[in-house]
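K.L.:
The following block contains a protein sequence and its predicted model.
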Amino acid sequence: MIQEKDKNQIANLFKSLENEVKIITFTQEFECQFCRINRELLEEVKALSEKISIETYDFVKDADFAKKYNIDKIPATIITGDNNYGIRYFGVPGGYEFTSLIEDIIDISKRKTLLSQNVLKNLSNVDQPVHIQVLTSPTCPYCAIAVRTAHRFAMENNNIVADMIDLIEFPNLAVKYNVQSYPLIVINEKHFIHGAPSETDFLNEILKAIGKKRL
């Protein structure tokens, strides 16, 4: 799944991992095509560092566990550390999103992100549940930017859950949200952002969606 030259580069990046990172993935007994690809990709990533572990669950047989994490479709992947940070992937994190996966793992291992101090300070104003869905295409470079920002927000604020959703694998959502371009960011099912905003603009949109004063 991962080319040898890329494995070497990733293994070097993973030398900077500081703490344990756990990947939780959901598949099913008779794996769909994308479920198998997702599992095999994650297993190859795990093999590149002793600090990474994987737990694999059956979406049907382990329904209670899936419900605990609000998993309603597969393949699904959650990246955790000593906490569940609300960082989730629905679909295979391939294409540009593979970079998002690797960078998420590094952030979680360090238990911090590179968000600006101003954004971090104002992110604390998000004091109610926020669900961010970043609807993506594997060939869209701007999608990865939006995913990374959303995941960083989720890591820094326990009220936020942020999903990457690959619409190639979940085309019904493209219809549901009438997606015309990528990425489309959906906040709490009612607020929409087109494109990949800056950290500050993204946070302002979240604050607007929950009725808070913008920066």
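P.N.:
Looks like it arrived, so ask away.

K.L.:
which helix is the longest one in this structure?
P.N.:
Using DSSP state H, we find that the single longest helix of the chain is helix 141-156.

K.L.:
Identify each buried residue in stretch 173-191, please.
P.N.:
Residues of stretch 173-191 classed as buried: 173-174, 177, 179, 182-187 (neighbour count, 16 or more other Cβ atoms under 10 Å). (Glycine included, C-beta is placed from N, CA and C.)

K.L.:
does the residue nearest the centre of the chain have beta-bridge partners, and which?
P.N.:
In the chain, the residue lying closest to the centroid (Cα atoms, centre = their mean) is residue 88, at 3.9 Å. Beta-bridge partners of residue 88, counted by DSSP bridges, are residue 78, residue 163.

K.L.:
What's the separation between it and residue 124?
P.N.:
22 Å (Cβ to Cβ, to the nearest Å).

K.L.:
now the buried residues of stretch 173-191 as TSV including pLDDT and secondary structure?
P.N.:
Shown next, in TSV, are those (pLDDT from 0 to 100; DSSP: H, G, I helix; E, B strand; the rest coil):
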residue	pLDDT	secondary structure
173	97	helix
174	97	helix
177	97	coil
179	97	coil
182	96	coil
183	98	coil
184	98	strand
185	98	strand
186	98	strand
187	98	strand
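
K.L.:
what's in contact with stretch 120-130?
P.N.:
115, 153, 156-157, 159-161, 187-188, 203, 206-207, 209-210, 212-213, 215 (Cβ atoms under 8 Å, 6 or more residues apart in numbering).

K.L.:
Show me which of those residues are buried.
P.N.:
115, 153, 156-157, 159-161, 187, 203, 206-207, 209-210, 212.

K.L.:
Now intersect those with the helices, please.
P.N.:
Per DSSP H, the buried ones among the contacts of stretch 120-130 map to helices at 153, 156, 203, 206-207, 209.

K.L.:
And these, which two are furthest apart?
P.N.:
156 and 209 (17.4 Å; Cβ to Cβ).

K.L.:
which SS state does residue 54 fall under?
P.N.:
strand (DSSP: H, G, I helix; E, B strand; the rest coil).

K.L.:
thought it was touching residue 44?
P.N.:
No: judged on Cβ atoms under 8 Å, residue 54 makes no contact with residue 44 at a distance of 10.6 Å.

K.L.:
Tell me where this structure has strands.
P.N.:
21-27, 52-58, 76-80, 84-90, 130-136, 160-166, 184-187, 191-194 (DSSP state E).

K.L.:
Would you format these as a markdown table with distance to residue 106 included?
P.N.:
Shown next, in a markdown table, are those (distance: least, Cβ to Cβ, whole Å):
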| stretch | distance to residue 106 |
| --- | --- |
| strand 21-27 | 9 |
| strand 52-58 | 11 |
| strand 76-80 | 10 |
| strand 84-90 | 12 |
| strand 130-136 | 19 |
| strand 160-166 | 16 |
| strand 184-187 | 23 |
| strand 191-194 | 26 |
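
K.L.:
Let me know which of the ones you listed is the nearest to residue 69.
P.N.:
From these, taking Cβ to Cβ, the stretch that ends up closest is strand 76-80, at 6.1 Å.

K.L.:
Remind me what that closest one packs against, helices and strands.
P.N.:
strand 21-27, strand 84-90, helix 97-110 (3 or more Cβ pairs under 8 Å, 6 or more residues apart in numbering; DSSP states H and E).
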